[in-house]
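Enquirer: Using only what follows, build the 3D model:
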Amino acid sequence: MSLDILSIQRRVKSFIREYGLTNAGEKILVAVSGGPDSICLLHILNALKSELDNELCVAHLDHGLRGAESEEDANYVRNLAHQLGIEVIVGKKDAGSFSKERHCSLEEAAREVRYTFLDEAASKAGTSKVAVGHTRDDQVETIIMHVLRGAGIDGLRGLRPATAIPFGAEGNRWIIRPLLKITRWETAEYCRAVGLTPRIDSSNLQKGFLRNRIRLELIPLLRQYNPEIDDILIRLSELAREDADFIEIQTDSIFNQIVSGEDDLICLDSGKLRSLPLSLQRRILRKALAKVYGSLKNIEAVHVESLVNLLFAATGKAITLPGGFLATSERTRIVVMPPETGSCPWPPIKQEYKLNIPGETSLPGWKVTSEIIGENYFREDDIFSASFDLNKTGRLLTVRGRRPGDRFHPLGMPHTRKLQDFMVDAAIPRLWRDSVPLVFSPQHLIWVVGWRIDDRVKVTTNTEQVLRIEFHRSDRV
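Expert: Predicted coordinates:
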């Protein structure tokens with residue numbers, strides 16, 4: 001089967017214009033490994049540069065994994081760029097050492113060092129666009145890989161024509177994929193037809209990499225079940241992309257109504273979020289996590305689901321997210337913050353305040369209400385409300401912050417503990433600890449507000465009068 005070179009070039013040009021991948025007068029950095037896909041991409045973009053009014057620059061990275069073979073690849077790309085009269089940037093990074101340092105797979109390490117290099121090279125070249133040679137076959141492999149890893153709708157849409165460059169330092173550069181409608185067979189035939197002899201990367205045949213096993217083993221097996229599996233998966237990705245894009249538009253339109261705060265601490269209106277369809281809940285939570293983390297690199301579906309569950313959990317429930325980030329449920333909102341650096345949402349308790357029992361007491365950041373109820377009482381408590389045996393607490397109660405030597409007997413535990421040890425075990429952020437309100441009777445600490453009451457003052461079947469205390473957030477300082 002012969003290949004029409006001009007037809008391939010027209011298809012690529014049409015795809016570039018359909019998705020607005022380049023602008024007139026723009027410089028494009030072309031990532032060239034030396035293999036058929038990237039060599040085909042470079043040749044086509046060079047042939048189209050006058051029509052598209054683009055200037056080109058080539059970038060090549062030696063991952064330090066194949067010794068002399070890698071050096072030969074670099075020389076091949078360097079020479080080809082010089083023959084075409086195109087500027088070239090060649091770099092070298094040790095993906096093997098990076099893998100050991102980060103405790104990640106070699107495949108993940110190679111990807112990260114590659115995109116980090118491309119981001120640096122784009123900065124050096126003075127461009128915001130990096131063209132890579134991903135083909136239709138790469139799209140099929142990516143979709144299958146995402147399915148195997150348990151991806152949702154975002155994973156099903158696979159590779160997109162343009163995405164923000166992963167691991168970028170500045171976050172304003174883009175990966176573009178002009179060959180997404182071109183097959184791997186076509187790139188190889190294109191190179192043959194124009195007289196180019198690309199390099200062959202021997203690591204592409206190593207079955208230790210998941211993508212290689214998908215390419216060499218799984219896809220041929222799937223084609224035995226259905227020869228049209230590639231077309232089916234591509235159609236699936238297009239449908240998923242359309243649905244995901246629609247949900248994303250809806251998310252963007254309401255995101256600021258639900259999410260507020262700075263990058264180091266964000267608040268989500270739990271009432272508004274609960275009223276939304278589950279698909280929008282998940283999308284907003286993912287977007288909120290991206291705002292806190294700076295990316296979704298370490299965020300998996302299980303983390304988003306834990307936040308969905310937190311929406312419907314009792315007030316005061318807290319969960320830990322990757323990297324020690326903390327998410328807590330308050331009465332009307334979910335708060336997400338980084339470990340140790342997030343601002344505490346409560347003001348510090350700098351003095352000692354006497355509580356009006358029964359009645360209402362105001363103190364910085366809080367309004368405290370208390371009531372005395374007869375023995376036939378039941379009301380579910382949350383972290384900002386608690387019930388006590390009045391005969392055991394008495395009415396002379398105070399609120400203050402922690403002091404050295406404070407101890408109490410946490411409910412359900414067999415003995416007293418140092419408050420400091422309890423706070424550490426309860427994962428109370430260090431910067432929060434001086435702001436946690438503590439309720440005292442004349443005898444001892446009876447409530448670490450937000451966490452636990454003292455076992456000695458709990459309501460039992462012998463309780464005659466119940467003292468109920470509730471803390472409400474206020475703007476008073």
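Enquirer: Could I get the full set of helices for the stretch 251-400 of the chain?
Expert: 270-274, 278-293, 301-311, 390-393 (DSSP state H, counting those that start in this stretch).
Enquirer: what's the closest of those helices to Asn226?
Expert: Asn226 lies closest to helix 301-311 among the helices of the stretch 251-400 of the chain, at 27.4 Å (C-beta to C-beta). In short, each C-beta sits where N, CA and C put it, glycine included.
Enquirer: Can you name every helix or strand that that closest one contacts?
Expert: Here helix 301-311 touches helix 270-274, helix 278-293, strand 318-321, strand 325-329, strand 333-337, going by 3 or more C-beta pairs under 8 Å, 6 or more residues apart in numbering; DSSP states H and E.
Enquirer: could you dump those to a markdown table with mean neighbour count?
Expert: Output for those, formatted as a markdown table (neighbours: other C-beta atoms under 10 Å):
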| stretch | mean neighbour count |
| --- | --- |
| helix 270-274 | 16 |
| helix 278-293 | 19 |
| strand 318-321 | 18 |
| strand 325-329 | 21 |
| strand 333-337 | 23 |
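Enquirer: Nearest to Leu221 among those would be which one?
Expert: Of all these, the one in closest proximity to Leu221, counting by C-beta to C-beta, is helix 278-293 (32.3 Å).
Enquirer: What distance do you get for Ala327 to Met423?
Expert: 18 Å (C-beta to C-beta, to the nearest Å).
Enquirer: Distance check, Arg66 against Ser33.
Expert: Distance from Arg66 to Ser33, by C-beta to C-beta: 11 Å.
Enquirer: neighbour count winner among the two?
Expert: Ser33 (23 against 14; other C-beta atoms under 10 Å).
Enquirer: Could you confirm that one falls within a helix?
Expert: No. Per DSSP: H, G, I helix; E, B strand; the rest coil, Ser33 lies outside any helix segment and is coil.
Enquirer: Report how many residues lie close to Glu186.
Expert: 23.
Enquirer: does it really touch Leu3, like I thought?
Expert: Yes. Glu186 is within contact range of Leu3, at 6.7 Å (criterion: C-beta atoms under 8 Å).
Enquirer: Please tell me how far stretch 459-477 is from the chain's geometric centre.
Expert: Averaging C-alpha positions (C-alpha atoms, centre = their mean, to the nearest Å) puts stretch 459-477 39 Å from its chain's average.
Enquirer: average pLDDT across that stretch?
Expert: Taken as a whole, stretch 459-477 has a mean pLDDT of 84.
Enquirer: Can you give me the buried ones in it?
Expert: For stretch 459-477, a neighbour-count test (16 or more other C-beta atoms under 10 Å) marks 459, 463, 466-471 as buried.
Enquirer: mind listing what's buried in the host helix or strand of Asp421?
Expert: Taking DSSP states H and E as the criterion, Asp421 maps to helix 419-425. By neighbour count with 16+ other C-beta under 10 Å, helix 419-425 contains the buried residues 419, 422-423.
Enquirer: So which elements touch it?
Expert: Looks like helix 419-425 contacts strand 407-408, strand 445-448 (3+ C-beta pairs under 8 Å, 6+ apart).
Enquirer: partner strands of the last one, parallel or antiparallel?
Expert: Its sheet considered, strand 445-448 pairs with strand 438-440 (antiparallel), strand 452-453 (antiparallel) by DSSP bridges.
Enquirer: Between the helices and strands packed on helix 419-425, which one is closest to Thr320.
Expert: Nearest to Thr320, of all the helices and strands packed on helix 419-425, is strand 445-448, at 18.9 Å by C-beta to C-beta.
Enquirer: sorry, back to before: need the buried residues of helix 419-425 in JSON lines with pLDDT, can you?
Expert: Shown next, in JSON lines, are the buried residues of helix 419-425 (pLDDT from 0 to 100):
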{"residue": "Leu419", "pLDDT": "95"}
{"residue": "Phe422", "pLDDT": "90"}
{"residue": "Met423", "pLDDT": "86"}
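Enquirer: Which one of the residues you listed is nearest to Ile266?
Expert: Using C-beta to C-beta, those come closest to Ile266 at Met423, 23.9 Å.
Enquirer: pretty sure that closest one is touching Asp434, no?
Expert: No. Assessed by C-beta under 8 Å, Met423 is found out of contact with Asp434, at 10.3 Å.
Enquirer: Lys124 is nearest to which of the helices and strands packed on helix 301-311?
Expert: helix 278-293 (27.2 Å).
Enquirer: how's this structure carved up into domains?
Expert: By the assignment in automatic domain parsing, the chain contains the domains 5-225, 256-337, 353-473.
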